[in-house]
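Chemist: return atomic coordinates for the entry below.
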Amino acid sequence: MTEEFGLSQGADVQTFGQPGQRTFRLRIVGEQAQTASIWLEKEQLQALSMAIRQMLGQLEYDQEPPSAHLGDFPASAEHDFRAGRLGMGFNALDRTILLFTYEIGAAEDDEHPTLRVRFTQEQCASLAVNVDDIIAGGRPTCPLCGVPMDASGHACIRSNGHSKQPIPEQDGADDET
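Modeler: Take a look at the predicted model:
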């Protein structure tokens with residue numbers, strides 16, 4: 001059964017833990033003050049940000065996004081689940097962006113999302129900035145392979161002795177002489 005949140009009052013993203021060991025949560029407050037905590041992987045958040053930015057680009061939204069405002073969010077949300085997949089859509093009647101979330105373990109052919117919520121374009125722009133800020137706070141990525149680099153080092157699969165481009169050293173690395 002799908003939980004209908006209507007037009008969102010607000011949404012934001014939180015992260016817990018140290019880079020490389022972080023957990024991500026999308027918090028949403030619905031039209032009737034319903035609350036949801038949706039736990040996501042970093043890759044899902046990146047895809048969500050990219051999809052939002054593409055949608056806003058198609059809608060020619062170019063305003064400065066307002067800061068994210070969620071208001072009072074309870075310690076325990078009414079709906080709390082891990083997302084297996086996400087979907088987006090556009091409601092042409094009121095020009096809102098739809099977000100469909102499917103709980104992990106839901107059948108691939110299940111057409112009924114676990115949660116459905118609408119966002120204004122301003123809320124989406126704000127959410128995309130929030131997501132990008134959260135992701136930027138993580139580990140740096142290797143410019144050759146795109147894999148996150150740990151402080152202990154990085155064995156890049158693309159630099160197997162044939163690459164002429166050196167792997168960049170991380171800040172604070174000791175120079176060997």
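Chemist: use CA for all of it now, contacts and neighbours both
Modeler: Noted.
Chemist: residues in contact with the nearest residue to residue 99 once chain neighbours are set aside?
Modeler: Excluding the flanking residues, the one nearest residue 99 by C-alpha to C-alpha, 6 or more residues apart in numbering is residue 88, at 4.7 Å. By C-alpha atoms under 8 Å, 6 or more residues apart in numbering, residue 88 lies in contact with 51, 97, 98, 99, 100.
Chemist: which strand runs longest in this structure?
Modeler: Ranked by residue count, the top strand of the chain under DSSP state E comes out as strand 79-91.
Chemist: so who does the residue most central in space within the chain touch?
Modeler: Nearest to the mean C-alpha position of the chain, by C-alpha atoms, centre = their mean, lies residue 45 at 2.0 Å. Taking C-alpha under 8 Å, 6+ apart, we find residue 45 in contact with residue 131.
Chemist: how big is the angle separating the helix or strand harbouring it from strand 79-91?
Modeler: Assessed by DSSP states H and E, residue 45 sits inside helix 42-58. Helix 42-58 runs at 20 degrees relative to strand 79-91, counting by axes from the mean of the first three to the mean of the last three C-alpha atoms, to 10 degrees.
Chemist: and residue 29, how many neighbours?
Modeler: Using other C-alpha atoms under 10 Å, residue 29 has 24 neighbouring residues.
Chemist: isn't it up against residue 38?
Modeler: No - Residue 29 lies out of contact with residue 38 (C-alpha atoms under 8 Å); the separation is 11.5 Å.
Chemist: from residue 3, how far out is residue 51?
Modeler: 22 Å (C-alpha to C-alpha, to the nearest Å).
Chemist: before we move on, what about residue 106?
Modeler: Distance, residue 106 to residue 3, by C-alpha to C-alpha: 14 Å.
Chemist: and the pLDDT for the residue nearest to residue 68 when sequence neighbours are not counted?
Modeler: Closest residue to residue 68 apart from its sequence neighbours, by C-alpha to C-alpha, 6+ apart: residue 126 at 5.6 Å. If you check residue 126, the pLDDT there is 95.
Chemist: likewise for residue 138?
Modeler: Here the pLDDT value assigned to residue 138 is 78.
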